[in-house]
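Participant: here's a sequence, model it:
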Amino acid sequence: MEYSYRTGRTARSSRRSGPRPPVLILFLVLAALLFFIIICIGVLLNIPASSGQTPDAGNTSSPDTQTGIPKPTDIPDGYTLQVMTQQEMGMGDLILVNNSHACTLPDGDGLVSVYDHMNGPYFVRDTEVLLSDRVIPQLDAMMEGFHAATGQSFMNITSGYRSSEDQQRIYEQNAAQYGEEHTRTFVAQPGCSEHQTGLAFDLNIYYADTGDCNEFENVPESSWILAHAYEYGFVQRYEAGKSDITGISNEPWHFRYVGPVHAGLMQENRMCLEEYVDYLRDYDFFGDHLTYSQGGKTYEIYFCAGTNVYLPENAAYSLSGNNVDGFIVTVGI
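Facilitator: Numbering: from 1, shown residues only. A predicted model of the protein is given here:
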C-alpha cells in the first residue's frame, strides 16, 4: 500500500491511470445533488418569525439551547424580571454565612444599639451591642412572650454584631488559650461569622439583684426560648447533631434571625440553615413552588438561580440572596 502525494489518495498500484469509471462520476454527481437538497431543506426549516412563522403561544419559558436555562425575555404573565448584582446576593435574612461562605455585607450597615432601641423585659450587656434594626422588634416580642410564660426577665443579650477585626481578635484569643483544633470547632473563621451580619446574637442569664451571670443552657426556663424562638423568626443556629454540616459545635445560646416563615419551615423540617438553603433550590421559579401556611396565611416560596430574579407584579413579597448562588422570593409577606 502506498500513498500518492499528488492526489492525496491511497492507491493499490502505481500503474493505475486513465479516466475514472463513469459509475464513479455518476456517484459523485448524485452525492453533490443530495447534499444541495439537504442544505435547502435546512434553510427552509429555519425561517425567522418575522417572515410569517408564528411561535408556539403556549411556550412561556423556552430554554437557551446551550445552557438549558430559560431566557430572560421569556417572562410569565404576572411577573417582572429584575436583574440583581452579585453583591446583592449577599444581602437579606436568608444569607448563608459559614467558614465556606464569607459575609460580604458592608460593615455596620443598618445596625442600631439594642440598648437604645429595646422595648422589652430583658437585659443587654452594654450600649455597644448592635443588631440590625429589623431584628429588634421581633426580639422584643420574643422576650415579652418569654416573660409572660415564665415570669422571668433575666435573659441577657451578651453579643450582637462583630466586625471581621473583632472576630479575628476573638479567634486568636481562643486559639492561644484552647488551641487551634478546639477553636476551629467553636469559633467561626474571621470574616465568616454570623455575628458580622447583624442578624445573630448570644444569650446568657443575668441576675440583677446580685449582678451574677449564668450560662443560658443551665437555666430550665431557657427551654421556652428553644421551643418558641421560631415563632418570632429566630432559630438556634448551631444545634447538636448538625456540627458536621454547620462546622460549629452545639451552641444553644446562639440565635439567628431568618424571619417567621422560614424559621417555621426550618423548625418543622428540623433543618439547619445549610440544609434549608439547599432544600429551597428544589423549588426553582420555573418549576414547582413551595407553599407553607402559618398563622392563617399561605405563603409561596421559590428560588431564582443566578442574578435574574422574577418578582410578582401584584403581590407582596420579600427578597433575600442566599450568599451562594441565587435569590429566594417569599410571596404573601
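Participant: so what's residue 324 up against?
Facilitator: Contacts for residue 324 were tallied using C-beta atoms under 8 Å, 6 or more residues apart in numbering; they are 89, 96, 101, 277. Heads up, the C-betas are built off the backbone N, CA and C, glycines and all.
Participant: these in helices, which ones?
Facilitator: Judged by DSSP state H, those include residue 277 as members of helices.
Participant: with distance to residue 79 and pLDDT added, can I get the contacts of residue 324 in CSV?
Facilitator: Shown next, in CSV, are the contacts of residue 324 (distance: C-beta to C-beta, whole Å; pLDDT from 0 to 100):
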residue, distance to residue 79, pLDDT
89, 19, 98
96, 25, 98
101, 28, 97
277, 23, 98
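Participant: looking at the contacts of residue 324, which is nearest residue 254?
Facilitator: Closest approach between these and residue 254, by C-beta to C-beta: residue 96, at 15.3 Å.
Participant: of all the contacts of residue 324, which comes closest to residue 169?
Facilitator: Distances from residue 169 to those, taken by C-beta to C-beta, are shortest for residue 101, at 21.7 Å.
Participant: do I have it right that that closest one meets residue 323?
Facilitator: Yes. Applying C-beta atoms under 8 Å, one finds residue 101 in contact with residue 323, separated by 5.3 Å.
Participant: more crowded one of these two?
Facilitator: The residue with more neighbours, out of residue 101 and residue 323, is residue 323; 22 against 16, by other C-beta atoms under 10 Å.
Participant: in what helix or strand does that one lie?
Facilitator: If you go by DSSP states H and E, residue 323 is not part of any helix or strand.
Participant: let me see the contact set for it.
Facilitator: For residue 323, the contact set (C-beta under 8 Å, 6+ apart) comprises 89-90, 95-97, 101, 103-104.
Participant: which pLDDT value does the model give the nearest residue to it once chain neighbours are set aside?
Facilitator: Counting by C-beta to C-beta, 6 or more residues apart in numbering, residue 323 lies nearest to residue 95, which is 3.9 Å off, once chain neighbours are set aside. Note for residue 95: predicted pLDDT of 98.
Participant: how about the one 5 residues further on?
Facilitator: At residue 100 the predicted local confidence, pLDDT, stands at 95.
Participant: now it: how far from residue 162?
Facilitator: Per C-beta to C-beta, to the nearest Å, residue 100 is found 19 Å from residue 162.
Participant: swap in residue 222?
Facilitator: For residue 222, the distance to residue 162 - C-beta to C-beta - is 23 Å.
Participant: in TSV: the contacts of residue 324, plus distance to residue 149.
Facilitator: Shown next, in TSV, are the contacts of residue 324 (distance: C-beta to C-beta, whole Å):
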residue	distance to residue 149
89	38
96	31
101	36
277	31
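Participant: so what's the residue nearest to residue 119 when sequence neighbours are not counted up against?
Facilitator: Leaving out its chain neighbours, the residue that sits closest to residue 119 by C-beta to C-beta, 6+ apart is residue 140, at 5.0 Å. Shown in contact with residue 140 (C-beta under 8 Å, 6+ apart): 118-120.
Participant: how much space between residue 140 and residue 121?
Facilitator: Here residue 140 is placed at a distance of 9 Å from residue 121 (C-beta to C-beta).
Participant: same question, residue 188
Facilitator: 30 Å.
Participant: who's more crowded, those two?
Facilitator: Ranked by neighbour count (other C-beta under 10 Å), residue 188 and residue 121 place residue 188 first, with 25 against 16.
Participant: hmm, back to that, who has more neighbours, residue 100 and residue 162?
Facilitator: Using other C-beta under 10 Å as the criterion, residue 100 and residue 162 rank with residue 162 on top: 21 against 11.
Participant: now for this protein, the helix or strand with the poorest mean pLDDT.
Facilitator: Ranked by mean pLDDT, DSSP states H and E, the helix or strand of the chain with the weakest confidence is strand 2-3, at a mean of 32.
Participant: ok, back up a step: with distance to residue 133 added, can I get the contacts of residue 323 in a markdown table?
Facilitator: Shown next, in a markdown table, are the contacts of residue 323 (distance: C-beta to C-beta, whole Å):
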| residue | distance to residue 133 |
| --- | --- |
| 89 | 22 |
| 90 | 18 |
| 95 | 17 |
| 96 | 22 |
| 97 | 19 |
| 101 | 24 |
| 103 | 18 |
| 104 | 19 |
